[in-house]
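K.L.:
sequence plus the predicted model coming up.
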Amino acid sequence: MLDRMELLRPHQIRHPEVVTEGMNRLAQALVCLTDPLTRAAYDRHLGIAPAPFEVIDDEPIERVSGPAPRPAARQQNLPYEVIETDEPPYEVLPDSTDDRAAAEPVILVSSVVSSARPRRQQKPAKLKRRTVYRRLAALRRACRAWEGLRPVFGTPGEPLATPVAVFEFLQAITDARAAFPGASFVLGPAPQPGGLVLVLVRVASVLGTVRGLLPSQRKAVAHDWHRGYTLLQHELAALRNLARRPSRGRNCMAQLGRLLLAVPELVLVLLAALLLLRTVVLRHH
């Protein structure tokens, strides 16, 4: 029975209801086979004759040879010798008044999440344009994966009661595990915004962990999810503005084009200057 349970256990995440029903049936069969009375009733139902019981005589008790016990041990029928001592069995210590011995205060998850400071981000102005586009694509993918976690992590009261909800949640976890490493320049560990969500996404048995969360812990995770979502949207808007900003070379060329359109005579001046420069070079040669 235990081997059959181990065969079903890897499929519990994909098919929770069917595997749970199978595990319950195997547990009932294990109890039936290990209990003598239940096993006898089961054998009678199948028409199997009960096995005869073998009667075994009790082994004689061996007496321990040793010195005669003292009167106190003889009165209590103790197999060992009682030695009386004047020393107390334990030492009584006075209560400590040191403030350092006081219990440490309990830090709530919600207080850690609410007091978390956002991480200092890299200035977008120092990024190359290719890096900006690469980060923008990775951040869009991370935002879509973060949105997929909203039904469970963004909603404290989601019970995950139906197989469809469990399947969608596991699919969102798979997408998040593939997308979040690319957004490591924004998302960080707790107490940074989104740190609790990152920890839950990396847990191997995330389904059982989420189902075992307390109501206060669910609220803390939902609050952390919204803080992480706000951080992702803010960074996404900053990268979009940086991608739309023209580069210095393109800006100079655009200004020169606008100047030539406004003053066409400058083209003739430039051509005359080029011809004069060519004539001077030819004379020197």
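P.N.:
Sure thing, it's come through. These numbers were taken from a predicted model, which means no experiment stands behind them.

K.L.:
state which helix of this protein is the longest.
P.N.:
With secondary structure taken from DSSP state H, the chain has its longest helix at helix 215-244.

K.L.:
state the next helix or strand along the chain beyond the helix or strand hosting Leu26.
P.N.:
In the assignment (DSSP states H and E), Leu26 maps to helix 16-34. Next in sequence after helix 16-34, counting helices and strands by DSSP H and E, comes helix 36-46.

K.L.:
so what does that next one touch, helix or strand wise?
P.N.:
helix 16-34 (3 or more Cβ pairs under 8 Å, 6 or more residues apart in numbering; DSSP states H and E). The way it works is simple: take the backbone N, C-alpha and C, and place the C-beta from them, glycine included.

K.L.:
what about the helix it packs on, average pLDDT?
P.N.:
Averaged across helix 16-34, pLDDT comes to 78.

K.L.:
and that helix with helix 36-46, angle?
P.N.:
Orientation note: helix 16-34 sits at an angle of 100 degrees relative to helix 36-46 (axes from the mean of the first three to the mean of the last three Cα atoms, to 10 degrees).

K.L.:
ok so, going back, could you export the helix holding Leu26 as PDB, CA atoms only?
P.N.:
Provided in PDB are the C-alpha atoms of helix 16-34 (Å, rounded to 0.1, in the frame of the first residue of the first chain):
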ATOM      1  CA  PRO A  16      -5.500  16.800  -6.700                       C
ATOM      2  CA  GLU A  17      -9.000  15.400  -6.400                       C
ATOM      3  CA  VAL A  18      -8.500  12.100  -8.100                       C
ATOM      4  CA  VAL A  19      -5.100  11.400  -6.400                       C
ATOM      5  CA  THR A  20      -6.600  12.400  -3.000                       C
ATOM      6  CA  GLU A  21      -9.400  10.000  -3.400                       C
ATOM      7  CA  GLY A  22      -7.000   7.200  -4.400                       C
ATOM      8  CA  MET A  23      -4.800   8.000  -1.400                       C
ATOM      9  CA  ASN A  24      -7.800   7.800   0.900                       C
ATOM     10  CA  ARG A  25      -8.800   4.400  -0.500                       C
ATOM     11  CA  LEU A  26      -5.300   3.100  -0.100                       C
ATOM     12  CA  ALA A  27      -5.200   4.400   3.500                       C
ATOM     13  CA  GLN A  28      -8.500   2.600   4.200                       C
ATOM     14  CA  ALA A  29      -7.100  -0.600   2.800                       C
ATOM     15  CA  LEU A  30      -3.900  -0.300   4.800                       C
ATOM     16  CA  VAL A  31      -6.000   0.100   8.000                       C
ATOM     17  CA  CYS A  32      -8.100  -2.900   7.100                       C
ATOM     18  CA  LEU A  33      -5.100  -5.100   6.500                       C
ATOM     19  CA  THR A  34      -3.200  -4.100   9.700                       C
END
